[in-house]
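>>> pasting the structure only:
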Ligand code: UT7
């Protein structure tokens, strides 16, 4: 078996929403600036919730939808850069909350906003070589923990949330690519123990990089699959900025509808943005069996990755 199949999805976001107007009361910004530059209207920000609780809620919803025997889950993989603890991993804590068998491999992966896409191929490899039938892949972020709410150039851009997919190996067409170039100057956040552990970013540089590599990522999986954009039903980009996605869709001469967007309601939830989008698409009944979609993401590292999946 070479491919993977999404059996079920789930998502969880904090109860509290923070609008652009809310932010404009604490930093020098405006709803107009944020909407026109990014497409964001609101974001969810944790109060009681944490990266672990969001991850567990999203995964719990996916399991409920799937209705499978939990004993058949062999892998819990969480893509995150904002874990509750340095250790244990979010994945181990999710395993306990969901009362999964101890016969699971549970670990986190750190590839920033590309984490979910890196995780897809990791899960595929595990499913192809292991004994268990299912893998739970979760993207969960509490970006508000690493956001400097006095820095208007970053604090308006991010939100908290989690998305989860339950995966199973199958024979469907699946093409995956991933890259990394080691840039640690343009987009970074210092780690544990650093008093200035907040997101630092040269937004303009990231924008240019994003437009270039999203196109390259899509082209690479299309080429390998021997398909063209006409064969693709939806493109699900990492939701960082509506204008980035618009730039890419224009390059393909495609109508905007093929490029799913939900950034208005969530802002940039990093590794969670693509699984949250997939769950919304399932709930909006946009995805039908046999459809082909491309997911593509980019982020700190720089990392970037794309996957062509069959629904
Ligand atoms: O997951 C990946 C992470 N990040 C990204 O994908 C981000 C990619 N980049 C972007 O989305 C855009 O570059 C931003 C939204 C971050 C910025 O948009 P921009 O059109 O590139 O704006 P800019 O940085 O060139 O700033 C334009 C102006 C500046 O003022 P001056 O120098 O022209 O007077 C900024 O100081 O806008 C100012 N500005 C703001 N004004 C109001 C920056 N942030 C704000 C703000 N509110 N929140």
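Happy to help now that I have it. Because the structure is a prediction, the values reported are computed rather than measured. Residues are numbered from 1 along each chain as shown.
>>> and the residue of the protein nearest the ligand?
Among the residues of the chain, residue 203 lies closest to the ligand, at 2.7 Å counting by CB to the nearest ligand atom. C-beta here means a position set from N, CA and C on the backbone, and glycine is covered the same way.
>>> and stretch 29-43, what's its mean pLDDT?
Averaging the model's pLDDT scores along stretch 29-43 yields 98.
>>> hang on, the earlier thing: look up phi and psi at the closest residue to the residue of the chain closest to the ligand other than its chain neighbours.
The spatially closest residue to residue 203, leaving aside those adjacent along the chain, is residue 153, at 6.3 Å (CB to CB, 6 or more residues apart in numbering). Dihedral pair for residue 153: phi -70, psi -20, per degrees, to the nearest 10.
>>> if I pick the closest residue in space to residue 149 that isn't next to it in sequence, what's in contact with it?
Leaving out its chain neighbours, the residue that sits closest to residue 149 by CB to CB, 6+ apart is residue 155, at 4.8 Å. Taking CB atoms under 8 Å, 6 or more residues apart in numbering as the criterion, residue 155 is in contact with 23, 27, 147, 148, 149.
>>> next helix or strand past the helix ranked longest in the chain?
The single longest helix within the chain, with elements called by DSSP state H, is helix 203-225. Past helix 203-225, further along toward the C-terminus, the next helix or strand under DSSP states H and E is strand 234-237.
>>> ok, back up a step: would you turn the contacts of residue 155 into a markdown table with distance to residue 68?
As requested, the contacts of residue 155 are arranged in a markdown table below (distance: CB to CB, whole Å):
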| residue | distance to residue 68 |
| --- | --- |
| 23 | 41 |
| 27 | 45 |
| 147 | 36 |
| 148 | 42 |
| 149 | 41 |
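>>> Got a quick PyMOL command for the buried subset of those residues?
A single PyMOL command selects the buried members of the contacts of residue 155 (16 or more other CB atoms under 10 Å):
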select buried, resi 23+147+148
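>>> which of the contacts of residue 155 are close to the ligand?
The subset of the contacts of residue 155 within reach of the ligand, by CB under 6 Å from any ligand atom, is empty.
>>> Within range of the ligand, give me the residues from the stretch 151-300 of the chain.
Those residues of the stretch 151-300 of the chain that sit near the ligand, judged by CB under 6 Å from any ligand atom, are 152-153, 156, 187, 201, 203-204, 206-207, 210, 240-241, 268, 299.
>>> And the buried ones among those residues, selectable in PyMOL?
Selection of buried members from these for PyMOL, criterion 16+ other CB under 10 Å:
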select buried, resi 152+156+187+201+203+206+207+210+240+241+268+299
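>>> Out of the residues of the stretch 151-300 of the chain next to the ligand, flag the one nearest to residue 165.
Residue 165 has its nearest neighbour among these in residue 299, at 18.5 Å by CB to CB.
>>> residue contacts, the residue nearest to the closest one when sequence neighbours are not counted?
Excluding the flanking residues, the one nearest residue 299 by CB to CB, 6+ apart is residue 113, at 2.8 Å. Under the criterion of CB under 8 Å, 6+ apart, the contact list for residue 113 reads 238, 240, 268, 270, 271, 273, 297, 298, 299, 300, 303.
>>> Touching, the residue nearest to residue 203 and residue 201? I think so.
Yes. Applying CB atoms under 8 Å as the test, residue 153 and residue 201 come out as touching, 7.3 Å apart.
>>> Which strand or helix spans residue 61?
Using DSSP H and E, residue 61 maps to helix 51-66.
>>> ok, and for that helix, which residues are buried?
So helix 51-66, judged by 16+ other CB under 10 Å, has buried residues 51-63, 65-66.
>>> One more: stretch 79-98?
By 16+ other CB under 10 Å, the buried positions in stretch 79-98 come out as 79-84, 88-95, 98.
>>> Show me those residues that map onto strands.
residue 79 (DSSP state E).
>>> what two of the buried residues of stretch 79-98 are the furthest from one another?
Among the buried residues of stretch 79-98, 81 and 98 lie farthest apart (CB to CB), at 21.9 Å.
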